[in-house]
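**Student:** give me a 3D structure for the following:
(one chain, ligands or ions: 1)
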Amino acid sequence: MSEELIRFENVTKRFGENTVLDDLCFSVRAGQHVTLIGPSGSGKTTILRLLMTLEKPDAGTIRVNGGKLHPADEKHRREVRKKIGMVFQHFNLFPHMSVLRNITEAPIRVLGKSREEAEARGRELLDMVGLADKYEARPAQLSGGQQQRVAIARALAMEPKVLLLDEVTSALDPELVAGVLDLLREIARTTDITMICVTHEMNFARDISDEVLMFDGGRVIESGSPEKIFSDPEHERTREFLGAVL
Ligand code: ADP
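**Tutor:** Numbers count the residues shown, from 1 in each chain. This next block holds a predicted model:
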């Protein structure tokens with residue numbers, strides 16, 4: 001079994017009176033593909049944002065590769081964000097830059113790659129996501145599905161150890177969803193990158209996950225293989241949730 005890469009130890013996160021994560025514990029091993037499911041508002045996105053050091057826990061410890069996260073320390077935040085890539089529901093591409101430049105900007109500025117090296121890798125990644133011919137386009141000239149592929153390529157260009165995917169298809173027109181999910185399946189199959197996905201696409205979750213975590217009330221109420229969670233859930237809340245979304 002591979003080593004543990006991420007660990008939440010008794011993590012509590014509140015927004016005002018609202019306790020979103022309540023003494024949460026879970027861990028993810030290197031190379032695992034973990035899917036977070038559960039009702040809207042159960043804290044799934046907050047978990048990804050905590051990992052990206054975009055939020056700070058009120059109590060508890062988050063470890064990546066054994067080291068504690070220090071979200072208040074800017075230098076540390078930069079280091080963490082080199083190791084962890086995130087793809088958002090809304091693609092957040094830079095609108096005034098070409099597709100290729102969107103992908104090469106961070107590797108040049110943050111990783112110190114030469115422009116030639118970053119562009120060569122950027123073109124490889126665009127080829128992988130099926131957009132080799134769009135490198136000069138501006139994001140607005142692309143469909144939502146194509147923009148999301150660029151956002152995925154941009155995250156991968158940083159060679160992260162972990163890829164966080166936050167409902168990456170939920171802003172897409174229905175006919176564009178399958179292509180993006182197929183791309184993610186391919187990435188899961190062909191790379192050793194650790195993936196943590198928040199998704200409402202249960203067939204996708206079933207296909208790519210090694211483990212599914214079901215959240216409710218700020219905690220993991222049930223976890224296991226997709227076969228177990230989707231075919232034989234133990235918890236009544238899981239059955240209700242799956243009954244509503246499947
Ligand atoms: P999920 O991803 O499971 O839908 P979220 O993590 O997005 O859940 O949100 C969990 C809860 O935290 C929700 O009630 C949401 O309104 C609240 N929340 C999230 N971010 C903030 C914030 N920045 N300020 C205040 N409340 C927030």
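**Student:** per-residue pLDDT, residue 1?
**Tutor:** Here the pLDDT value assigned to residue 1 is 68.
**Student:** what about the closest residue to residue 160 other than its chain neighbours, which SS state?
**Tutor:** Nearest non-adjacent residue to residue 160, counting by C-beta to C-beta, 6 or more residues apart in numbering: residue 85, 3.6 Å away. All C-beta spots, glycine's among them, are computed from the backbone N, C-alpha and C. Following DSSP: H, G, I helix; E, B strand; the rest coil, the label given to residue 85 is strand.
**Student:** state the distance from residue 85 to the ligand.
**Tutor:** Per C-beta to the nearest ligand atom, to the nearest Å, residue 85 is found 18 Å from the ligand.
**Student:** can you name the residues bridging to that residue?
**Tutor:** Note on residue 85: beta-bridge partners by DSSP bridges are residue 163.
**Student:** next: residue 219.
**Tutor:** residue 216.
**Student:** ok, residue 221 touching residue 212?
**Tutor:** No. Taking C-beta atoms under 8 Å as the definition, residue 221 is not a contact partner of residue 212, at 11.7 Å.
**Student:** mean confidence for the lengthiest helix in the chain?
**Tutor:** Counting residues, the longest helix found in the chain (DSSP state H) is helix 174-190. Across helix 174-190, pLDDT averages out at 93.
**Student:** show me how far that helix is from its chain's centre.
**Tutor:** 14 Å (C-alpha atoms, centre = their mean, to the nearest Å).
**Student:** test for you: state the pLDDT assigned to the most centrally placed residue in the chain.
**Tutor:** Residue closest to the average C-alpha location in the chain (C-alpha atoms, centre = their mean): residue 164, at 1.5 Å. What the model reports for residue 164 is a pLDDT of 97.
**Student:** doesn't residue 85 make contact with it?
**Tutor:** Yes. Here residue 164 reaches residue 85: they are 6.9 Å apart, a contact under C-beta under 8 Å.
**Student:** common neighbours of these two, please.
**Tutor:** Here residue 164 and residue 85 share no contacting residue, scored by C-beta atoms under 8 Å, 6 or more residues apart in numbering.
**Student:** what residues does the protein have near the ligand?
**Tutor:** When proximity is defined as C-beta under 6 Å from any ligand atom, the chain approaches the ligand at 15, 18, 20, 38, 40, 41, 42, 43, 44, 45, 46, 198.
**Student:** of those, buried ones?
**Tutor:** Among the residues of the chain next to the ligand, those scoring as buried are 20, 38, 42, 43, 44, 45, 46, 198 (criterion: 16 or more other C-beta atoms under 10 Å).
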